[in-house]
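1. Structure for the following, please:
(2 chains)
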There are 2 protein chains.
Amino acid sequence: MTATRIEELVTPALLVDADAFEHNLSTMATALPGPRLRPHVKAHKCTALARRQLAAGHHTFTCATIKEVEGMAAAGLGEDLLLANEVLDASRLGRLDARVTVAVDSLQTIEAAAKGGVKEVLIDVNVGMPRCGCAPENAGTLADMARKQGLVVRGVMGYEGHAVGLDDRTLRQELTAKAMELLLQAHKDVGGDVISAGGTGTYDLNTWANEIQAGSYALMDAAYAKLGLPFKQAASVLATVISTSAAGYAVANCGLKALAMDHGNPDIAGGGNVLIVADEHISFIPETSVAVGDQIRVLPAHVDPTIAYHDRMHLVRDGEVLETWEIDLRGW
Amino acid sequence: MTATRIEELVTPALLVDADAFEHNLSTMATALPGPRLRPHVKAHKCTALARRQLAAGHHTFTCATIKEVEGMAAAGLGEDLLLANEVLDASRLGRLDARVTVAVDSLQTIEAAAKGGVKEVLIDVNVGMPRCGCAPENAGTLADMARKQGLVVRGVMGYEGHAVGLDDRTLRQELTAKAMELLLQAHKDVGGDVISAGGTGTYDLNTWANEIQAGSYALMDAAYAKLGLPFKQAASVLATVISTSAAGYAVANCGLKALAMDHGNPDIAGGGNVLIVADEHISFIPETSVAVGDQIRVLPAHVDPTIAYHDRMHLVRDGEVLETWEIDLRGW
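-> Presented below is the predicted three-dimensional model:
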């Protein structure tokens, strides 16, 4: 069987550059070997990709949804799964043949974990971003409540989401330090072995947590590319130029249903100025001229919600499709 | 069997308010009966919903992707399908047991249609938005080229996408008039019965086109709600409050993978100030206090790319799920 060339793919199609991807995995595995990294699967929602992270030495994983936990368990990747999110019905988690730990930040979420048959929890601590997590000073009380319900409290987690994306490394470091001060204070009251935090933007700055929940590093995106991290942009959306104009712009067949826009416009690989992203179109002024039928690569601004639009991703090298992976952890 | 209540749904879940939806369908069918409306399925990507549009009297449909055309044909809704978009490989279209017309705006797209076995085309005319479509003065030449390739040229289409979303009705009307002047000029050179244009924002202003390609009217969104149209916001994302803070904000479990952000933040039904939308979270200051475990409804800013994130939508009335529809036209 001859290998599929990217020219044969139906566009838009999500590509993963094999060289960049492998560079990212080995760079991270060197910096944070084994359980020092708890890869966050929300960034890629793909068990085939998670298997590559396992092969790179990481046996513990972070999830954002019950569906992700279920899918990882079903794929045999359930050695140590953390649902780093609050749930009010944990019954689907309690049924799994996997080690499942869930984040809790209130009496209700503790009761849900116990009732659902989950055995282990982390106390989720708010470390400065207006999202989930209890106030640091309440963490110990919640840990006591959880233990009273028969749950094992493995430790704490706290996501410095207000810091991870900042361009200014010094500011990123300062905010991370302040956030982790809160987390360590909470950890004193909670106990347990786990201090889980961090993301791709703070993977090397956050020296307080004993495991880092990075996910975007594997595929990267235009937003994280601005931070000067040692990871390469591996994900792109392959599109076909379907129209060109004498006015100088071109239109390709990928749009709002192939690219998340919460971090703004995507970039055009090879350069170009994006004018409009519509449902199934991107209009752009190319840096070097393109013709109808040409393929282009579009670099998403934010990888996580971009991937959630696609059914599969293609691992590619030198224009050849090496493997095609189902994005099998989507939905809820 | 007792009916499912929305309290039993796994959240986030896409809801369609049955009363608002039926109001929207009947309002549009009265304004633009039968083939005066060519409902655009890209807005909902759902053959079950398209069947309701058929029941409201519309037998012709607009699609944005080959997958949408295939799905509509497979569902027996292929009486007259327009792919209002350019394609470079039409072979999947040519194989369908359906009447398929495809938009063309270049020699390459004409050749692709002919080669793929498509029999009918519309000349896509650029009427002012930097997207697909030939220059109006080239439309006649392209029609001749298409006829030379053995294709039937049914007429013209031209989307006034730069006008449909404008809040100011007078300006919307003026820009639509100018756009349609260009389209009618092109139509003189092209011939054919079809003058296809428009969208939800210009459904009653565009009196030049003889069919209107509106789609969003059926479900609506926060962006279109600002235009003072007679359609009601029927689509919402049901979410569960998973965390609250003494600081006054609450967090619910729907985020960037349940809500498209290209038109900005969603609205909270019942009022509230959205602080952050993250991958699986929305943080907001509620207008009236909420508790952990409460369900809220979030109104998407832009319905089309929001729906593309969901597997299904639930038609609901008085808190009861009447029907669940697969969103079966996603992907490419």
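
2. Which residue ranges make up the domains of chain A?
-> As assigned by automatic domain parsing, chain A contains the domains A:6-14+A:231-326, A:19-218.

3. Ends of the shortest one, what's the gap?
-> In other words, domain A:6-14+A:231-326. End-to-end distance for domain A:6-14+A:231-326: 17 Å, by CA to CA, to the nearest Å.

4. Relative to residue B:108, which of the domains of chain A is closest?
-> domain A:6-14+A:231-326 (4.4 Å; CB to CB). For every residue, glycine as well, the C-beta is placed using N, CA and C.

5. Could you point out which residue ranges in the stretch 51-200 of chain A have low pLDDT?
-> Applying pLDDT under 70 to the stretch 51-200 of chain A picks out no residues at all.

6. and the domains of chain A as a markdown table, adding distance to residue B:38 and mean neighbour count?
-> Converted to a markdown table, these look like this (distance: least, CB to CB, whole Å; neighbours: other CB atoms under 10 Å in any protein chain shown):
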| stretch | distance to residue B:38 | mean neighbour count |
| --- | --- | --- |
| domain A:6-14+A:231-326 | 16 | 20 |
| domain A:19-218 | 35 | 21 |
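
7. Turn the ones you listed into TSV, including distance to chain B.
-> Shown next, in TSV, are the domains of chain A (distance: least, CB to the nearest CB, whole Å):
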stretch	distance to chain B
domain A:6-14+A:231-326	4
domain A:19-218	4
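
8. Please report how far the nearest residue to residue A:240 once chain neighbours are set aside lies from residue B:205.
-> Sequence neighbours aside, residue A:11 is the residue nearest to residue A:240 in space, at 4.5 Å (criterion: CB to CB, 6 or more residues apart in numbering or on different chains). Distance of residue A:11 to residue B:205, computed by CB to CB, to the nearest Å: 34 Å.

9. for residue A:138, same thing?
-> Distance from residue A:138 to residue B:205, by CB to CB: 56 Å.

10. got it, and residue A:218?
-> For residue A:218, the distance to residue B:205 equals 48 Å [CB to CB].

11. How about residue A:257?
-> According to CB to CB, residue A:257 stands 27 Å off from residue B:205.

12. Residue A:161 is in contact with residue A:129, correct?
-> Yes: with contacts defined as CB atoms under 8 Å, residue A:129 counts as touching residue A:161 at a distance of 4.3 Å.

13. who touches both of these two?
-> Overlap of the contact sets of residue A:129 and residue A:161 (by CB atoms under 8 Å, 6 or more residues apart in numbering or on different chains) is empty.

14. before we move on, back to that, out of the domains of chain A, nearest to residue B:52?
-> Taking these one by one with CB to CB, domain A:6-14+A:231-326 is closest: 21.0 Å.

15. would you put the C-alpha positions of stretch A:290-310 in CSV?
-> Extracted C-alpha coordinates of stretch A:290-310, given in CSV (Å, rounded to 0.1, in the frame of the first residue of the first chain):
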residue,chain,number,x,y,z
VAL,A,290,-1.2,31.5,-4.1
ALA,A,291,-3.4,29.9,-6.7
VAL,A,292,-6.8,28.2,-6.6
GLY,A,293,-6.1,24.6,-5.7
ASP,A,294,-3.0,25.3,-3.6
GLN,A,295,-2.9,23.9,-0.1
ILE,A,296,-2.0,26.1,2.8
ARG,A,297,-1.4,25.5,6.5
VAL,A,298,-3.2,27.6,9.1
LEU,A,299,-1.8,27.8,12.6
PRO,A,300,-4.5,27.9,15.2
ALA,A,301,-4.3,30.6,17.9
HIS,A,302,-5.5,28.2,20.6
VAL,A,303,-5.0,24.5,20.1
ASP,A,304,-7.4,23.0,22.7
PRO,A,305,-10.8,24.2,21.4
THR,A,306,-9.5,23.9,17.8
ILE,A,307,-8.9,20.2,18.2
ALA,A,308,-12.4,19.8,19.7
TYR,A,309,-13.8,20.6,16.2
HIS,A,310,-12.0,17.8,14.4
